[in-house]
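>>> Everything below, folded, please.
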Amino acid sequence: MDSKTARYQFYSAQWYPTLQQMIDHELMVTDAETREVKVSDGEVREEIQTRFGECESLISRANIIITQRTMTQNVHLDSSVLTKNSNGSA
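Now for the predicted structure:
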């Protein structure tokens, strides 16, 4: 099997679960924002250590997730500022 065929089969099998995961993530973020849920980075790290122990790869992964979450929050904030500014309000 050539790489194009393998790549096609992989993407054909994975697009729907990936899309569903992205939608679920956005729904959870939106729900948390609506409910004004606040969790610090330290609380996230502590919970990961409690559940999975001291594992460097998990801690590294947690740091990546925290960074992504922070970036996502910044994008949401930036887009809400842009929306407010485009509507004529500051």
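>>> contacts and neighbour counts: CA atoms only from here.
Fine.
>>> Run through the helices of the protein in chain order.
3-34, 41-52, 56-86 (DSSP state H).
>>> Quick check: which helices or strands does the second one pack against?
Using 3 or more Cα pairs under 8 Å, 6 or more residues apart in numbering; DSSP states H and E as the contact test, the elements touching helix 41-52 are helix 56-86.
>>> so how many other residues sit close to Ile48?
16 (other Cα atoms under 10 Å).
>>> Residue ranges in the protein under the pLDDT threshold?
Scanning the chain for pLDDT under 70 picks out 1, 54-59, 70-90.
>>> quick one, what contacts the closest residue to Arg45 other than its chain neighbours?
In space, Arg45 comes closest to Ala62 once its chain neighbours are excluded; the distance is 6.7 Å by Cα to Cα, 6 or more residues apart in numbering. By Cα atoms under 8 Å, 6 or more residues apart in numbering, the contact set of Ala62 is Val44, Arg45, Ile48.
>>> Nearest to Ala6 among those residues?
Checking the contacts of Ala62 against Ala6 by Cα to Cα gives Ile48 as the nearest, at 35.0 Å.
>>> mind checking how far the closest one is from Arg7?
To Arg7, Ile48 is 33 Å away according to Cα to Cα, to the nearest Å.
>>> again, but for Ala32
Separation of Ala32 from Arg7 (Cα to Cα): 36 Å.
>>> For Ser40, grab phi and psi.
Note on Ser40: its backbone torsions stand at phi -80, psi 160 [degrees, to the nearest 10].
>>> give me the number of residues near it?
Ser40 is flanked by 9 other residues according to other Cα under 10 Å.
>>> go on, Thr30?
The burial count for Thr30: 13, using other Cα under 10 Å.
>>> And Asp41, by the same measure?
15.
>>> how near is it to Gln21?
22 Å.
>>> Repeat that for Ala32.
For Ala32, the distance to Gln21 - Cα to Cα - is 16 Å.
>>> and what of Arg51?
Separation of Arg51 from Gln21 (Cα to Cα) stands at 22 Å.
>>> Same drill for the two, tell me which one is more crowded.
Each of Arg51 and Gln21 has its neighbours counted (other Cα under 10 Å); Gln21 has more, 12 against 9.
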